[in-house]
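Colleague: Need the 3D shape of this:
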Amino acid sequence: MQIPLQITFHGIPHSDAVEAKIREKAGKLDRFHSHIMGCRVAVEAEHHRHHQGNQYHIRIDITTPRKELVISREHHDKKAYEDIYVAIRDAFNAAARQLEDYARIQQGKVKTHALQSAGIVIRMLPEKDHGFIEAEDGHEIYFHRNSVTGSGFDTLHVGDEIRYIEETDDLGPQASIVYP
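Modeller: The predicted structure follows:
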């Protein structure tokens, strides 16, 4: 980390043991993302006038060059968060998951799902196992029998409204998946 770890306590007195645990957990975050610039941790005790103990709320703000991640573990219904170390553990586990996900996105290792578009079947050529869709913007899109989901190619008719996922290859636009 380029900026030293900042730890603040709200509603509870400072504890060297809690601070040491937070420093230990924060030190391991670099394993999940190599460009962490800074990390701020806030520890709060939520005082309730119940017969149960206080619940702890842990907030972690992690700054990377392109994004700030905020992790907040606050569960009023979890008795486990009456133990500050459990709250810290869960907050840092969540931080590690978010950092891993963010690192995968940055490295391009996450599949992006294509968006569905709407169109109308304008030509069917059952003898050649394909047809054509007119997209909302007017261009034609080829689709093959094997691209049709659900009840299948044989139930489609000219004029049917469908949804599809478009891809472009060397031959032009085509629907990789067609939803009748």
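
Colleague: Spell out which residues make up each domain of the chain.
Modeller: As given by automatic domain parsing, the domain ranges for the chain are 6-106, 117-179.

Colleague: Only the buried residues of stretch 137-153, if you could.
Modeller: Residues of stretch 137-153 classed as buried by neighbour count (16 or more other C-beta atoms under 10 Å): 141-143, 145, 147-148, 153. The way it works is simple: take the backbone N, C-alpha and C, and place the C-beta from them, glycine included.

Colleague: what do you get for stretch 94-101?
Modeller: 94-96, 98-99.

Colleague: which other residues reach it?
Modeller: Among residues not part of stretch 94-101, those counted as contacts by C-beta atoms under 8 Å, 6 or more residues apart in numbering are 28-29, 31-33, 36, 60, 62, 69, 71, 73, 110.

Colleague: before we move on, what about stretch 154-161?
Modeller: So stretch 154-161 is contacted by 118-124, 126, 131, 148, 162, 178, 180 (C-beta under 8 Å, 6+ apart).

Colleague: I'd like the average pLDDT over it.
Modeller: In this model, stretch 154-161 has an average pLDDT of 92.

Colleague: start to end distance for it?
Modeller: Length of stretch 154-161, first residue to last, C-alpha to C-alpha, to the nearest Å: 15 Å.

Colleague: coming back round to it: columns distance to Ala45 on top of the buried residues of stretch 137-153, output as a markdown table?
Modeller: Output for those, formatted as a markdown table (distance: C-beta to C-beta, whole Å):
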| residue | distance to Ala45 |
| --- | --- |
| Ile141 | 59 |
| Tyr142 | 63 |
| Phe143 | 60 |
| Arg145 | 64 |
| Ser147 | 57 |
| Val148 | 58 |
| Phe153 | 63 |
